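S.K.: Could you look at this predicted model? Sequence included:
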Amino acid sequence: MRSCLITKWIGLVLVLLLLSPGYWDKAWAQEDAPVEETADPTDAADVASSGGTGVSDSFLRIGFYEWTTQRFQGIHPFYKMTGNKFFKEGNTSLNSTQDNTGWFLDPPQNHEIDLKSSEGTKLAHGLPPVSLEWIMPTGWNLLTAHSLAVYYTNTWLTDQTAQNGAKRLSDVPLIELRSHYYFLSYSVYGLFPPGRDQTELFYGFGFVYIESTIRNGLRSHGTINKESRDRFMDLDHYHSEQPIFFQRIGMTTSAENFGITFELYLLSDTPAMRNPFYKMDLLPTPETTIAKRIDLQGLLLRLTWGVYSFWD
């Protein structure tokens, strides 16, 4: 399943590359270029200094202002938690820089207020998504560069965005899941050297640490135990017990300094949190076994249009 998914996205990246006007402009320019019998060494130096063939020195790249969607592989985490049939087909969580930062969340959605977190935690969890990558060109033909990167983002998922097909609110338990992701990755760049007016392809891997808060509760309904009431329970705070392995694949297109990055982060099935509903009499006959620990296996698809490369 995972290899098939990676193959599909590699194909998509290659198609986007071939459809890139800049790619074909360079190809046609090379075909139409007149053949000169003698070459001036200063001409090659001018081309290299313009960045058209890539840069030779290491540089820093920052990414901000992103659009992110999270898609889960296989069974949805809320379905594993509750066994509720209306979570069975749910699979996505959509976020963007504008609405997944603590600064822009209303108090009912801001878990840090209810948790009475420290000022440092509130500040850290209130920051918008951002990535920093240190790229080191190699000068080789195929493996053109390698890099180390750190990336922070967060996601927001509720019972209403995760459920599928419920006609009444009382058909699903109350759940709000807010997760903070801290990625550390090593990547290699191939085929095209990083630089101005370039399209770069990369593949990487690394580990991610996840912190999650879950606000959960039950609604009064005939299919839920009679003692339940329409209320929220206290917040539960969880973190991944061990770093979670992930793979990274994508492409970056750069102009003079600014560019756009399209990338995927594929998360493994390592558990990310304990289940607050484990051994709770939530439903008389849940459709699936209630898991003790919950994973967030799947992918984060990230489109970043605020990418700045410091190669000057």
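M.R.: Structure's in. What do you need?

S.K.: what comes up buried for the top strand by length along the chain?
M.R.: What stands out as the longest strand in the chain, according to DSSP state E, is strand 199-218. For strand 199-218, a neighbour-count test (16 or more other CB atoms under 10 Å) marks 199-202, 204, 206-208, 210-218 as buried. Heads up, the C-betas are built off the backbone N, CA and C, glycines and all.

S.K.: Quick check: the gap between the closest residue in space to Asp114 that isn't next to it in sequence and Ile214.
M.R.: The shortest distance from Asp114 to any non-neighbouring residue, by CB to CB, 6 or more residues apart in numbering, is to Leu235 (5.5 Å). Look at Leu235 and Ile214: by CB to CB, to the nearest Å, they are 7 Å apart.

S.K.: Return the set of buried residues in stretch 269-287.
M.R.: By 16+ other CB under 10 Å, the buried positions in stretch 269-287 come out as Thr270, Pro271, Ala272, Met273, Arg274, Asn275, Pro276, Phe277, Met280, Leu282, Leu283.

S.K.: In contact with the second one, which residues?
M.R.: Under the criterion of CB atoms under 8 Å, 6 or more residues apart in numbering, the contact partners of Pro271 comprise Ser240, Glu241, Arg293, Ile294, Asp295.

S.K.: quick one: which of those sit in strands?
M.R.: Among the contacts of Pro271, the members found in strands (DSSP E) are Arg293, Ile294, Asp295.

S.K.: ok so, going back, between the buried residues of stretch 269-287, which is nearest Leu177?
M.R.: Relative to Leu177, the closest of the buried residues of stretch 269-287 is Met273; by CB to CB it sits at 8.7 Å.

S.K.: what about the helices in the chain?
M.R.: 2-19, 21-32, 41-50, 77-82, 111-115, 119-126, 159-162 (DSSP state H).

S.K.: just flag whichever of these has the lowest average confidence.
M.R.: In terms of average pLDDT, helix 41-50 trails the rest of those, at a mean of 40.

S.K.: And stretch 301-312, what's buried?
M.R.: For stretch 301-312, the neighbour count (16+ other CB under 10 Å) marks Leu301, Arg302, Thr304, Gly306, Val307, Ser309, Trp311 as buried.

S.K.: Next one: the first one from Ile260, what distance?
M.R.: Read that as Leu301. 14 Å.

S.K.: Repeat that for the last one.
M.R.: For Trp311, the distance to Ile260 under the criterion CB to CB works out to 16 Å.

S.K.: which residues touch Thr144?
M.R.: Going by CB under 8 Å, 6+ apart, Thr144 touches Gly54, Pro137, Thr138, Tyr189, Gly190, Leu191, Phe192, Pro193, Pro194, Glu200.

S.K.: Equivalent analysis for Glu287, please.
M.R.: Tyr79, Gly83, Asn84, Lys85, Lys88.

S.K.: Check Gly190 too.
M.R.: Contacts for Gly190 (CB under 8 Å, 6+ apart) come out as Leu142, Leu143, Thr144, Leu201, Phe202, Tyr203.

S.K.: which residues does the last one bridge with?
M.R.: When bridges are taken as DSSP bridges, the partners of Tyr203 come out as Val188, Ile249.

S.K.: Surely it is in contact with Val188?
M.R.: Yes: using CB atoms under 8 Å, Tyr203 is in contact with Val188, at 6.1 Å.

S.K.: Can you pull out the low-pLDDT segments for the protein?
M.R.: Filtered on pLDDT under 70, the chain yields the residue ranges 1-53, 94-110, 113, 219-234, 281-285, 312.

S.K.: Tell me where the stretch 51-200 of the chain has strands.
M.R.: 59-72, 92-96, 130-137, 143-158, 174-190, 199-218 (DSSP state E, counting those that start in this stretch).

S.K.: Parallel or antiparallel, list what pairs with the fourth one.
M.R.: If I follow you right, that is strand 143-158. strand 130-137 (antiparallel), strand 174-190 (antiparallel).

S.K.: could I get those as TSV with distance to Phe59?
M.R.: Output for those, formatted as TSV (distance: least, CB to CB, whole Å):
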stretch	distance to Phe59
strand 130-137	6
strand 174-190	12
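
S.K.: Mean neighbour count, the ones you listed: which tops it?
M.R.: Neighbour counts (mean count of other CB atoms under 10 Å) averaged over each of the strands paired with strand 143-158 peak at strand 174-190, with a mean of 20.

S.K.: so that one versus strand 59-72, what angle?
M.R.: 140 degrees (axes from the mean of the first three to the mean of the last three CA atoms, to 10 degrees).

S.K.: distance between strand 174-190 and the chain's centre?
M.R.: How far strand 174-190 lies from its chain's middle: 5 Å, per CA atoms, centre = their mean, to the nearest Å.

S.K.: tilt between it and helix 119-126?
M.R.: 70 degrees.

S.K.: what angle separates strand 174-190 from strand 199-218?
M.R.: Inter-element angle recorded for strand 174-190 and strand 199-218: 170 degrees (by the same axes, to 10 degrees).
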